[in-house]
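A.B. asks: Here's a sequence, model it:
(chains A and B)
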Protein chains: 2
Amino acid sequence: MSQPCFDYIDQNQGRFLDELRQFLTFPSISADSRHKEDVSHCAQWLVEHLKQIGLESRLIPTQGHPIVWARCKGQSDKKLIIYGHYDVQPVDPVDPWQTDPFMPSIRDGFMYARGASDDKGQLFAHIKGVESLLKTRGGLPCEVVFLFEGEEECGGKSLEHYIQKEKANLAADAVIVSDTSLYDEATPAITYGLRGMAALDVKVTTAAHALHSGSYGGAVGNAVKALSYIISRCSGPDGVVQIPGFYDGVRPLADWERDNIRRLSYDDDKLMAEVGSKIPFGEADYSTLERMWARPTFEVNGISGGYAGEGFKTIIPSCAAAKISMRLVPDQNPHTVIELAKKYLKSICPPYADIDVVPLSAAEPVLFDVENPMIQAGRQALQYGFNAEPVYIRCGGSIPVVTAFWKELKKPVVLMGFGLDSDGAHSVNERFKIDNFIRGAKSSAYLLSNL
Amino acid sequence: MSQPCFDYIDQNQGRFLDELRQFLTFPSISADSRHKEDVSHCAQWLVEHLKQIGLESRLIPTQGHPIVWARCKGQSDKKLIIYGHYDVQPVDPVDPWQTDPFMPSIRDGFMYARGASDDKGQLFAHIKGVESLLKTRGGLPCEVVFLFEGEEECGGKSLEHYIQKEKANLAADAVIVSDTSLYDEATPAITYGLRGMAALDVKVTTAAHALHSGSYGGAVGNAVKALSYIISRCSGPDGVVQIPGFYDGVRPLADWERDNIRRLSYDDDKLMAEVGSKIPFGEADYSTLERMWARPTFEVNGISGGYAGEGFKTIIPSCAAAKISMRLVPDQNPHTVIELAKKYLKSICPPYADIDVVPLSAAEPVLFDVENPMIQAGRQALQYGFNAEPVYIRCGGSIPVVTAFWKELKKPVVLMGFGLDSDGAHSVNERFKIDNFIRGAKSSAYLLSNL
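C.D. replies: Have a look, this model is predicted:
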């Protein structure tokens, strides 16, 4: 890594911010069909910008929003894919925004705009890292392919299909994803694990239609009571899942992971205050971070049945429905878990009720070996870019595209986020810390130089 | 009882039906404010008709729909109140009606129209019974006061307030209510007991707002799971209520009642087919009729929480709500039960959740002594009017006005229904069997003659 590149980044900070500002003016809200044109214009702007700094670039049309593809050959046979998404979340509610979400403004060291952190600012840091290397070295040490999708915020599958179809062309040493956060304001992090998911729709029926609770109460089963009984038998008061075989595939936390988690600065009281809860919930034998990152869960995401409006109706509900999702950890298989859950749910359904279970979604958990040289390279890049010791963390959520890259390319995905949890992604007054934008660009340049 | 009166009823059947037809043309839908005028016109028509046949009658204005009051002095100091309601249920859905709900038509021995059975036809049978006595005897053997309300189908309280206010003037030997059904097509019935009710709104909260199930799953309690757990601990798989003290006030079924119920023709399979259920639900030690009539229940009338729409959202719901109603039997006190339920619900709420319990409604159960001479008189009247042996039954529902009469006047309420369960009250193609209309008129006349 040469100092000239870092100097270039520092010297061009003003222009970089102005370009990011332009990028942030596009209301590329992928979930809102009224913004289809805006999404497309944003993608075109990105292609033009990538060409301007010397990359080969084009739009890849899809059934939904286009993918922005760009490539720069490298001076070695190493190859990296850098992922990002140029689409953004809707802006509602608009009133609490202090400035227009698509009129970016700089205040107190932050760039405020929808998408500033999630994910335009983060992907743009990589673009500026690549530009800085090209300008100061005359070329890239390794080949880089940018893949920027426009459907991350609307759950589109176009990029996943593209990865499946083009996996031969996409063969690379690693995939870099910057769409997450630092561990805390001072501590960059490598995310080396994601939970998977298995989701089900459950419907319980006890009669052909709702019945008068006076006329039939005491003779006919109540679907809401049956469903409540079923749910109550799926996980214990401490959250331990009761489905036989559920934990069979669970890989225990390694000793280094428990040590690592113990060393992380973390405060239950702060979390409880943040979410407005009284006490943490979950398995007694695990710390809160362990439970959120490395233990599977059983959640009911929603329930409905009978009359739940104003006042009340004296009915015996004849049907009730719940949406269930289970977060999974390595090496649980979502399809196996779905089958186990279906079997168990049917086995505990009261005899007076019928149950119907429909799988909704399945995503595999992923876990990368932190000893892998590409993960180590990512860690080192963050260390130099942020001038701070990075930590290893896992993430309780699922990032479908990471799973897709992992499954199709069989190479590590380096999750190195430049955002902060306080950036307001998916919320109002979204922002991106300018320091982290610059540090991200430096981390990216460092990574490419030191593979 | 004189034969001339029964002859008069038979001879005037055609005119009676024509008058009932006129009465049924008013769309007196009390729950629909667009029909306010129609309700009022219907009440006026009834007042005029009662005057025509020789009664003193007037409208009693209320904050809602008017009460129709009428009186005819008697030849003894005995006095009966005859209750009915001239308002009707809405008619939606209209399409399945074979004829206009307010263009009454006679087919196959039935009068088809909204309100034919519930309750215009039944109250009109009493009016015709009184008319027939007046015409054939020149006067009534006892004083009769008619009270016909216009708010039964919209849950209005005007009549209850009137009873409270006028209880001195309403002092009577009994109240006659014909707003129920025969036991079966061939068997008239005296209903001597009604269940009461205690209803609650329950809300469980675990956090300030819904949370991402990936980020927080394993750390924060789920409100739907907490509520399901609470509900599952309120009643056992056989319906036995788990609230401590709940059964304390329950009066055991008397031996004669169990014998009586055993003798009634009843078929579980028929009930299951009717409601579309697999097997009956409830306490093992009681027959289905015993459970529906004489045992208390715990029902969840509705539940909501989290995201229950299309697709799914991976959230941990922060709040969930249920509407609970318990059917009560003598001598349970609804207010005591509400307090017991509140205490128990709070005691089983998981430590990570908050629970809020709000009472919604309370109605006392009622049970009349079948040996009471007025009940016996009602039974005999049905026997003569229907020329069949009546049975004693209880009813699983609550009829608030019956409770009000019982509480304020301290006299038995004789529930002698002329309808059939198959009449389609509250449903489409409502009808009233003409034979039962005539038998009802005869029963009414017999009752007044033989107190």
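A.B. asks: Next secondary structure after the helix or strand hosting residue A:175?
C.D. replies: Taking DSSP states H and E as the criterion, residue A:175 maps to strand A:174-177. Sequence-wise, the next helix or strand downstream of strand A:174-177 (DSSP H and E) is strand A:189-194.
A.B. asks: Sheet partners, orientation included, of that following strand?
C.D. replies: The strands that strand A:189-194 pairs with in its sheet are strand A:366-367 (antiparallel), strand A:391-395 (parallel), strand A:413-416 (antiparallel) (by DSSP bridges).
A.B. asks: now those strands as TSV including mean pLDDT?
C.D. replies: Shown next, in TSV, are the strands paired with strand A:189-194 (pLDDT from 0 to 100):
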stretch	mean pLDDT
strand A:366-367	96
strand A:391-395	97
strand A:413-416	97
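A.B. asks: who's residue A:140 bridged to?
C.D. replies: Bridge pairing for residue A:140 - DSSP bridges - gives residue A:74.
A.B. asks: coming back round to it: can you tell which of the strands paired with strand A:189-194 is closest to residue B:257?
C.D. replies: strand A:391-395 (64.4 Å; CB to CB). For glycine as for every other residue, the C-beta is placed from the backbone atoms N, C-alpha and C.
A.B. asks: contact partners of the closest one?
C.D. replies: A:180, A:183, A:187-195, A:257, A:260, A:264, A:293-294, A:367, A:370, A:379, A:415, B:214 (CB atoms under 8 Å, 6 or more residues apart in numbering or on different chains).
A.B. asks: how about the strand holding residue A:175, does it reach chain B?
C.D. replies: No - if you take CB under 8 Å from any CB of the partner chain as the test, strand A:174-177 misses chain B, and the best it gets is 15.7 Å.
A.B. asks: re the thing from before, okay, the strands paired with strand A:189-194, which one's buried deepest?
C.D. replies: Ranked by mean neighbour count under mean count of other CB atoms under 10 Å in any protein chain shown, those are led by strand A:413-416, which reaches a mean of 27.
A.B. asks: after it, next one along is what?
C.D. replies: Criterion used, DSSP H and E; the element after strand A:413-416 is strand A:431-433.
A.B. asks: Okay, now the sheet partners of that next one, with direction.
C.D. replies: Partners of strand A:431-433 in its sheet, by DSSP bridges: strand A:110-112 (antiparallel).
A.B. asks: what stretches of chain A score poorly on pLDDT?
C.D. replies: When residues are selected by pLDDT under 70, those of chain A lie in A:1-2.
A.B. asks: Give me the distance between the most centrally placed residue in it and residue A:146.
C.D. replies: The centroid of chain A falls nearest to residue A:399 when counting by CA atoms, centre = their mean (4.1 Å). Per CB to CB, to the nearest Å, residue A:399 is found 18 Å from residue A:146.
A.B. asks: can you check residue A:290 too?
C.D. replies: Residue A:290 is 35 Å from residue A:146, by CB to CB.
A.B. asks: now residue A:369
C.D. replies: From residue A:369 to residue A:146 the distance is 25 Å (CB to CB).
A.B. asks: okay, residue A:290 and residue A:146: which has more neighbours?
C.D. replies: residue A:146 (24 against 20; other CB atoms under 10 Å in any protein chain shown).
A.B. asks: Return the residues in contact with that one.
C.D. replies: Per CB under 8 Å, 6+ apart, neighbours of residue A:146: A:50, A:55, A:57, A:68-71, A:81-82, A:84, A:123, A:126-127.
A.B. asks: now, which of these lie within helices?
C.D. replies: Those of the contacts of residue A:146 mapping onto helices are A:50, A:123, A:126-127, per DSSP state H.
A.B. asks: which one of those residues sits closest to residue B:309?
C.D. replies: residue A:123 (31.9 Å).
A.B. asks: What sits closest to the closest one if chain neighbours are left out?
C.D. replies: residue A:84 (2.8 Å; CB to CB, 6 or more residues apart in numbering or on different chains).
A.B. asks: Equivalent analysis for residue A:110, please.
C.D. replies: For residue A:110, the closest residue by CB to CB, 6+ apart turns out to be residue A:431, at 4.1 Å.
A.B. asks: from what I can see the one you found touches residue A:111, true?
C.D. replies: Yes - the pair residue A:431 / residue A:111 is scored as a contact, 6.3 Å apart, by CB atoms under 8 Å.
A.B. asks: wait, residue A:103 sits on residue A:26?
C.D. replies: No - Residue A:103 lies out of contact with residue A:26 (CB under 8 Å); the separation is 11.8 Å.
A.B. asks: Tell me which of the two has more neighbours.
C.D. replies: Neighbours around residue A:103 and residue A:26, counted as other CB under 10 Å, are more numerous at residue A:26. The numbers are 25 against 12.
A.B. asks: about what we covered before: so what's the residue nearest to residue A:110 bridging to?
C.D. replies: residue A:112.
A.B. asks: what's near enough to touch the residue of chain A positioned farthest from its centre?
C.D. replies: For chain A, the residue at maximal distance from the C-alpha centroid (CA atoms, centre = their mean) is residue A:215, at 50.7 Å. Residue A:215 makes contacts with B:292, B:396-397, as judged by CB under 8 Å, 6+ apart.
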